Structures are given as C-alpha cells and as structure tokens.
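A.B. asks: one predicted model, sequence on top.
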Amino acid sequence: MPLHLAPQIDPTLRSALDETVLMTQLADALGSPLGVILPQQLADNVAAFRSVFSGHRLSGQIYYAHKANRSSALVRELAATDAGIDVASLAELQHALGAGFVPQRIMATGPKNEEFLWLCARTGVTVSADSVGELATLAALVTDWSLPPVRVMARLSGFTSTGVQLGSRRSRFGVSAAAVSEVLDTIAKHAAALDLVGVAFHLDTIGLPEKAVALEGCLGALDECRRRGLRPWSVDIGGGFGVNYLADGTQWEQYTSALTEAVLGRRAPLTWNGHGYGLRAEGGHVRGALNLYPAHRPVSGPAYLDRLLRTTSPEQRRPLGTLLLDNMYDLHVEPGRALLDQCGLVLASVLEVRDEANGDTIVRLDCNARDVSLEEHGVLMDPVVVHRTTPAAPGPAGVYLFGNLCLEADLITRRQVFLPSRPRPGDLLAFVNTAGYLMDFSATHALRQPIGRKVALYRDDGAWRWCLDEQYWPVHHRAEAP
Amino acid sequence: MRFESMTDAIGNTPLVRIDSAVHGLRNIDLYAKMELLNPFGSLKDRAAWNMARPLLAQAVERGDTVVELSSGNTAKALAVIAGMHGLTFKSVTNRMKVAEIKDLLLLLGAQIDELPGQAECLDPTDTDDPLTRMYHRLAGSGGGYLHTDQYFNELNVDAHLNGTGPEIVKDLDGRAPDYFIACVGTAGSSTGVASALRQHNPDVRVVGLVAHKSDFIPGIRTIDEVHEVGLFDPDVYDTVETITADDAIDGLLTLVRRCGTLAGPTGGGAYQGAVRHLRAIDAQLTERRTAVFIVCDRVESYMSYLRERRPELFGRPPRRNSVRTVTDADVRQAVTVDVAEAERWIAERRGLVVDLRSPFAYQALHIDGSINIVDELFAELLHGGLPFGRRQPVLLVCPVGEKSARYAALLTRMGHPDVRSLDGGIIAWRDAGAELVRD
Ligand SMILES: Cc1ncc(COP(=O)(O)O)c(C=O)c1O
Ligand SMILES: Cc1ncc(COP(=O)(O)O)c(C=O)c1O
C-alpha cells in the first residue's frame, strides 16, 4: 500500500499546474529550480482574514510577514490591497517602501540594527520594539536627528497564567510582561520621541491556550498604560496561524501510524537510513516526539484566528474578540505562512532515475534541499509529477528524492515518496504550496550553484501570463481594448 | 464495615451482571467490574495508593511534593492521598482537556503545570516528549519530589495483579472469565488483571481497547500513543481494537440509562467494545461463556465533554425574553441616537445610560455617569423581566452599536416605551472625540 501524502491544491493553483506546456517551457528557459509565484492568490487570502475581522466587528491591520518569501511580485501585489507589511530587516523595509507601501502601513519587527531603526524613524514606520534597550536607542536617534516622534509597539513575552500553570517555550524576544512598567518608564522619559500605540506578542506555538493567556496579558498591560494616562489602542498578536498542507487527514494519520510502526521495527523503514523524524525506539517502546509540522490542520489560517477570537479568556471569561471590542482596541496580525497559502510552487527537473541493488529507487533533482526546504521545516507533502510525455509505466513509484549538492544530507525528502507515476529524466517535479518559507527562506549559493529564479504567474484577460518576479507590478499591460 | 482510613476502602468492588436484555448476547454472561465505586472515584485509586504507599513515610519526613504526569484519575487519587498526608501534589500534563477535572484538582489543592504546545516553526532541537521533559525537570530540581511514574512503575501493574484480578476470580467462584475487555491508559490495569486471570486459565482472551487515532477519549491512549507507554506489552493482548468517542458515549448512555451504572466514557467504551467483540463470537457458541469488562470511573466529571459532543442530550426549554429571538426586523424598529444627540441627552440628564461591555473595559474607560451591566448579566436579568421601571428612560451602549440595538429591540418588545441605542457604539463616541473617563 503506497503511503501518499497528497497536497491540498485549491482551484487557482490547480489551474496553473494544469498548464504543463507552459511549466516545462519556463523550466527549460529559466533553469531548475524555478519558483513560481501566484501573486493574485495573496489578495484572496487577505480578504479571507479581513472577513474574520469583520465577523467580529474588529478593526485593525493585517501585516504580511515578509520574511516568509523574498518575492517582489507578492509585496507589490499586496501593496495594491488594503493590507500592511511586517518587515524584519533593513532590506525588507527598503523593499516594502519601494513596492508602494506608505510608512503607515509598515510595521518593523524582530532584532534591529541602528541603520534599520534610523530608516524606520526617518520614514515614520511603526516600530515593534523587542526590548527597553531598543526603545532607548530609537529615542536617541529621534532626538539626535530631530525627527518627529515614532509610533512604537512594545513586544511582550513570558506571560503568566493563574490557577493552572500554562507552560510556554522561552522566547528570545520581547520584554517580560511582568516588567511592562519599565517599558512605560522609558516611554515616559522619551515622551517627545516615542508615541506608544499598542502592545504586541508573537508566540511560536500552535497552542491556542498559550495565545489566549498572552492576549489577555496584553489587555492587562494596556490597562496599565491607561492608568498612566497613555492611550494606546492596539494589540498585535503576531503570526503563526498555520497552513493545512494535506488534502486528506486519513493519509496523514496512516502515515504517522506507519512511521511509529517502522520506528519500532514492525514494518520496513519508510525513510532513508531509518530516520525517525524525532521518534526512536528504546526497549520496544517509542521515545521522543514527532518533530514534524502538523501537515493536516483543518483549523488553520483565518479559521485559526476566528477560533482564537472565540476562545474564552482565562481570567475575564469572555470571548477574546468580544473583550478587544469592548475595550475599543484594534487587532493587528502578522501572518506569514498563512497569507502565502496556495501562493506558489517550486519546479525542479529530474536529472536521473535509478534503481539501487536493494530495491530503492532514487530520483536525483536539479535543486537542493535548501531550494525546497520541506525537510528543514518538517513539512511532509508529496510533489506533483509534470511529465513531458505520457509516462511509460503508470502506477505509483516509491522513490527517494536526492539533491544536487555533494552532501550526504542533501535529501529533498528523507522519506520514501510515492509518486503517482514514475518520472523520467527531463520531467519536472512540482512542489506545490511552498511559497511560505519552503521556497527561498534557506536558499544559498553553496557550491556556487545559482539560487533559483522566480517568475510571477498571473491571470489577465482570461489567460495565464507570466513575467520574471522582479518585473511584476500589479498593473498589467493589456492589449488595447477594441 | 468499619475502616480506620479512607484508603482502606480502596478495592473490593462488586462484579455486576449486565442484563442480557440490554446487551443481547445469548450465550455469554457479561459482567462489569465496578471500579467506579472506589472511594476517590476510579480504578486508578488502586494504582495511586499502591505506588505512593511505600514512599509516603520518607516523603512526609522530607516534605516532598508528589508529582505525576496525569490529566485525570491518577492525579485525582494522588491529590487526595497527598492531602491526607499533608503533602502537596503537582500534576504535569500536556493538556488538561476536561474542565471539570481541572477544577476538581484545583479544589483538591493540586498544582497543575501544563506543558507548552508544539512550535509553529520547526525547532530541530526540540525532540523530547512531555515525559522526557518532566524527567529532566525533576532531575534538574535536585530532589524534593516523590514521582510515582505510573507509565513505568511495576507497582501500578501489581495493584491489579494482586487486587482487581483475584477479586474477579473469587466472584466467579474461583474461575477466570473466558474473555476480559479493558481500555488501555497506562496499561497497568489490563496487564495486571490479564496475568492474574491467566494464572487460573491460560486461555483467557484479552481484548485491549484504545481510542481511534483522531479521537479523544479522556483517560486512554490512541493507537499510536499506546506504544509510548512503558508498561505496554503487545503480547498481553490477544487483540488491540479501537473505539471512537461516539462508541464510548453510546456505551455510556446504555450503562447510565439502563444498567444503573453511572459510568464515564471509558466504561462506556469498554461496554461497547466488549459487546462488539463478543457479538460475532456469540453467534457461533454452543455452550455458555463468561466475559468481564471494567468500568473505570464515573460520569459526573465529563459533563462538558458530553455537552460538547452531544448537545442534544442537554436540550433545555427555551427561556423567555431571550435576545436570540430578536429578529432583524425588530432591530430595524429600535430607536437609535447618534453621538451628538446622545451627548445632549446625557448632558440634560434625561435618563439611565447602561454600558453593556465587560467590567474590565468599562473600568478602563467609559461615558461619565453610565452604569455597567455586562451583556451576559443583562441577558440573565431580562429572562426575569424588566430590571427598571417603564417610566425610566434608557440609553444602551455597546462597542459598535449592534448588541445595544438588539437589546433596545428586546426591551421595546417587553413593553418598555423609552429606550434607545447609541449608534456606532462607544467606538463611534471615541472617534467623534467625545469624553471618556476612568475613576
Ligand atoms: C514577529 C513575527 N511576526 C510574524 C511572524 C510570522 O509567522 P508565521 O509565518 O508563522 O505566520 C514571525 C515568524 O517568525 C515573527 O517572528
Ligand atoms: C477514565 C480511565 N479509563 C481507563 C483508564 C485505563 O487504565 P490503565 O491506566 O490501568 O490502563 C484510565 C487510566 O488513567 C482512566 O483514567
């Protein structure tokens, strides 16, 4: 029984994938790997988040976490919507400004150097500050350069719960929620330079209860602000809304059960060298924890936000969305992965298909594990085969996918992947739904191999058109209307 | 029966026949081992007491804290036992999913530590399971803990090998049943009972029941998780079968409604799994056989679990004056006033301003002179009738003017002639620059 993990493919992505001639031409012309971006899908995803906001009657901004993809097409298309952008480096800020975002629509997050802070202050973007030190540096820049006051958010972490002690992984970022008064002292000291507009958090967890505790903690911090006469009106709850990568939950369950059995030696290994994805056997029992992204997530993206807003707050016992509204607060979110759901794919050409003596089949691809970083991000999802001609042997083929680096570890998949039909050299594998983090977050020039090019694929006049990613702007040059 | 201590009441639970008119098996006598009658409420009283007892004297001397990875019955029993000996109990869990059990543990004085959820971005350094993380924590703390370690402790099995199992044999007049069916959590009870029974009859068929993979049945493991359990040995079971949450609830309803047995979900699951497994065998039998299943605990702690999965079981008659019965047409009839008009109305002290937002939000900032009745409470009051006189003019305020319009419509329907809603709510009020105060 082949263990498939078929990807979730929505109609737009499906229709792009069906353009097999175009796909092969693009890969032939521009090389492998090739990132294919569907910028227009991003606007639909923004709208889906917006409708959760309006369902809860909440105002606030959706800041796309730029770090999820380097593409210009995505950022420029986004500039044409009403969304904002979360930039985490100087270059991302420059990119956003150049794509048409006015500073009011930009939020700067993450660790920052002085140049980054200066450009934030100079242009007037909102700075989500990680520490009291960062606020002090920013205030000094504003004063030294006689700049107008900068809008700042205070990022908090280390929220505590009452009754049940809810554990949370320790974060590198943010000021301890218990030390919020230090932040407010700093703001008060630099009142002419810093304008506190809200508080923020970003927790790297899929757990709703932790986020509920954090959100309620932010309400407490904002109350402290009001007590001191400050009037910040917003809470930024960061990203981490997740994506559902798989079409079929049963496949995910079957796969993970089979993996457990394989780790225990009750069935043949499913992986290269018996890799256990975090599980290991000790004395006939499974130890460790499955270190994989939960690829089948029926409640993800906008639905996850909705679920969070419906969650009853642990202390005040009222839905969190209602509490935000009661307090007249704006809600900001910074989704990266979730906004790029269904927004792109990576094409890689097959260099070699070879059967080993032990029965394993190897497919060597013209790309490496950094170009399609499924393994690094723990996302298990099958690629789609784009055949040039009708496949010789129809029927599933179980294969391992190797990359083009001279590294033992350069496996595009450490698990045996079941392709619907056996590919031949020259065919393409399409790794769909990889726009969020899996396309270029980790890509490098190791071995002087080029980083894959990107193209933007868009619908115009009822047809698919394409251009290089850096050539894309949301204005499409259509033929003269008759 | 006279006891010196409540722990003496642990064990010696009755074995009760299930009426064949209920289960429909013709050739099999089906008995339930009524573990729900243990003093702290479950089968786990036996294991908790057996594991803790030998270590208690020392722990009391040192003032140790009792710890266990448990989100249910073991925690409950240990919390009680710790309390009886003047010790604190800490329950470490990766998610306490049933609200009543959490509340009961807090009531018993337990501390609850919940472990964090999975990372959204993969962290390759994070490969440990909750148990390993807890071991690390205990090791790092340099002592002060009595860790009962139910998933690995042989005393958990022994409690049933020397207690539950022999009791069943005694009540069946010295014979082991032909079939034994039990749910698997730590595997302690099924493993212990199975070996006790096999000492009398090596041919006893043992059926282990685990939860279907995508289902949650409090107290037992899913088919994958069971392999993580140190005490779990697949060879104990002739078969391991899965049950769904639906099976468990169907069985629970049969036991509570027809068998005088106030069983929790795993008792129901064991009944349902037993009957399902035995039905095929029953059809082929020509002589009588005996089967025993375990009812682990009681139904009362699972109301929220049942309400969530079978809301129809809790259908209550609709209450009068419910805001849910207000139609959109009613709302369109409601009187609304804009910010400027509301400011005038308030300045002239024409009536009562009721702010329907949460107390926390109200205390932070509100319209001067308004009173706060949070919407839930207001709804509750209205079920009983108007909480103010008909001659008392009223202005209702909420965040965006939607809820207040619904309540204004409801009050109008209840016969109040002079009620209005602030259009756009307090957010419009703020945006218009009108005054907000805090005390
Ligand atoms: C501060 C901040 N906001 C938003 C995000 C985006 O998270 P995600 O892509 O999971 O939505 C990240 C991710 O690292 C982050 O650090
Ligand atoms: C409600 C319930 N049923 C069944 C069991 C299974 O018992 P054991 O742990 O002995 O396998 C447990 C164990 O925690 C339980 O809490």
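C.D. replies: Noted; the coordinates are in hand. Ligands and ions are numbered 1, 2, ... in the order given.
A.B. asks: can you list the strands that the helix or strand of chain A with the lowest mean pLDDT pairs with?
C.D. replies: Of all helical and strand segments in chain A, the minimum by mean pLDDT, DSSP states H and E falls on strand A:164-166, at a mean of 73. If you go by DSSP bridges, strand A:164-166 pairs up with strand B:111-114 (parallel).
A.B. asks: ok, A:Thr186 - how many residues close by?
C.D. replies: 23 (other C-beta atoms under 10 Å in any protein chain shown). C-beta: built from backbone N, CA, C; applies to glycine.
A.B. asks: what of A:Leu38?
C.D. replies: 25.
A.B. asks: ranges for the strands of the stretch 151-300 of chain B?
C.D. replies: Secondary structure of the stretch 151-300 of chain B (DSSP state E, counting those that start in this stretch): strands at B:179-183, B:205-211, B:239-243, B:289-295.
A.B. asks: starting at the chain centroid, how far to the last one?
C.D. replies: From the chain centre to the centre of strand B:289-295 is a distance of 26 Å (C-alpha atoms, centre = their mean, to the nearest Å).
A.B. asks: what do you get for the third one?
C.D. replies: Distance of strand B:239-243 from its chain centroid, counting by C-alpha atoms, centre = their mean, is 23 Å.
A.B. asks: hmm, who's touching that strand?
C.D. replies: For strand B:239-243, contacts defined as C-beta atoms under 8 Å, 6 or more residues apart in numbering or on different chains pick out B:183-184, B:207-213, B:217, B:222-223, B:226, B:234, B:269, B:272-273, B:276-277.
A.B. asks: surely B:Ser189 meets B:Asn38?
C.D. replies: No: checked against C-beta atoms under 8 Å, the pair B:Ser189 and B:Asn38 is beyond contact range at 11.7 Å.
A.B. asks: hey, what's in contact with both of those two?
C.D. replies: Residues touching both B:Ser189 and B:Asn38 by C-beta under 8 Å, 6+ apart: B:Arg46.
A.B. asks: find the nearest non-adjacent residue to the residue of the stretch 101-250 of chain B found nearest chain A, please.
C.D. replies: Among the residues of the stretch 101-250 of chain B, B:Gly117 lies closest to chain A, at 2.3 Å counting by C-beta to the nearest C-beta. Leaving aside its chain neighbours, B:Gly117 sits nearest to A:Gly207 (2.3 Å; criterion: C-beta to C-beta, 6 or more residues apart in numbering or on different chains).
A.B. asks: contacting residues for the one you found?
C.D. replies: Under the criterion of C-beta under 8 Å, 6+ apart, the neighbours of A:Gly207 are B:116-118.
A.B. asks: quick one, phi/psi of it?
C.D. replies: Backbone torsions of A:Gly207, given as degrees, to the nearest 10, read phi -80, psi 120.
A.B. asks: buried members of the contacts of strand B:239-243 into PyMOL, please.
C.D. replies: Of the contacts of strand B:239-243, the buried ones go into a single PyMOL selection, burial set by 16 or more other C-beta atoms under 10 Å in any protein chain shown:
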select buried, chain B and resi 183+184+207+208+209+210+211+212+213+217+222+223+226+269+272+273+276+277
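A.B. asks: give me the contacts around the least confident helix or strand of chain A.
C.D. replies: A:209-210, A:213, B:96, B:102, B:106, B:111-114, B:116.
A.B. asks: show me which residues of it are buried.
C.D. replies: Neighbour count says strand A:164-166 has A:164, A:166 buried, by 16+ other C-beta under 10 Å.
A.B. asks: burial measure for the residue in the stretch 201-350 of chain B that ligand 2 sits nearest to, as a count.
C.D. replies: The nearest approach of the stretch 201-350 of chain B to ligand 2 comes at B:Gly219, 2.6 Å away (C-beta to the nearest ligand atom). Counted with other C-beta under 10 Å, residues neighbouring B:Gly219 total 28.
A.B. asks: can you give me the strands in the stretch 51-200 of chain A?
C.D. replies: Using DSSP E, counting those that start in this stretch, strands in the stretch 51-200 of chain A cover A:63-65, A:84-87, A:106-108, A:126-129, A:150-157, A:164-166, A:175-176, A:194-200.
A.B. asks: thought B:His160 was touching B:Ala196?
C.D. replies: Yes: contact status for B:His160 versus B:Ala196: in contact at 7.1 Å, counting by C-beta under 8 Å.
A.B. asks: show the contacting residues for residue 387.
C.D. replies: Unless you meant another one, I'm taking chain A. Taking C-beta under 8 Å, 6+ apart, one finds A:20, A:421, A:423-424, A:427 in contact with A:His387.
A.B. asks: actually, chain B is the one I wanted.
C.D. replies: B:373, B:378, B:381.
A.B. asks: so what's the backbone phi/psi at the closest residue to B:Arg258 other than its chain neighbours?
C.D. replies: Computed as C-beta to C-beta, 6+ apart, the closest residue to B:Arg258 that is not its neighbour in sequence is B:Val22, at 5.1 Å. Phi and psi for B:Val22, reported as degrees, to the nearest 10, are phi -90, psi -50.
A.B. asks: and what of A:Glu253?
C.D. replies: According to degrees, to the nearest 10, A:Glu253 has phi -60, psi -40.
A.B. asks: OK, contacts around residue 346?
C.D. replies: Unless you meant another one, I'm taking chain A. A:33-36, A:367, A:371-372, A:430-431, A:434, A:438-439, A:452.
A.B. asks: my question was about chain B, not that one.
C.D. replies: B:353, B:367-369, B:395.
A.B. asks: now, of those residues, which are buried?
C.D. replies: Looks like the contacts of B:Ile346 have B:353, B:367, B:395 buried, using 16+ other C-beta under 10 Å.
A.B. asks: reformat these as a markdown table; add pLDDT, distance to chain A and secondary structure.
C.D. replies: Output for these, formatted as a markdown table (pLDDT from 0 to 100; distance: C-beta to the nearest C-beta, whole Å; DSSP: H, G, I helix; E, B strand; the rest coil):
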| residue | pLDDT | distance to chain A | secondary structure |
| --- | --- | --- | --- |
| B:Val353 | 98 | 16 | strand |
| B:Ile367 | 97 | 12 | coil |
| B:Leu395 | 98 | 17 | strand |
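A.B. asks: domains of chain B?
C.D. replies: B:6-39+B:154-314, B:44-147, B:323-431 (automatic domain parsing).
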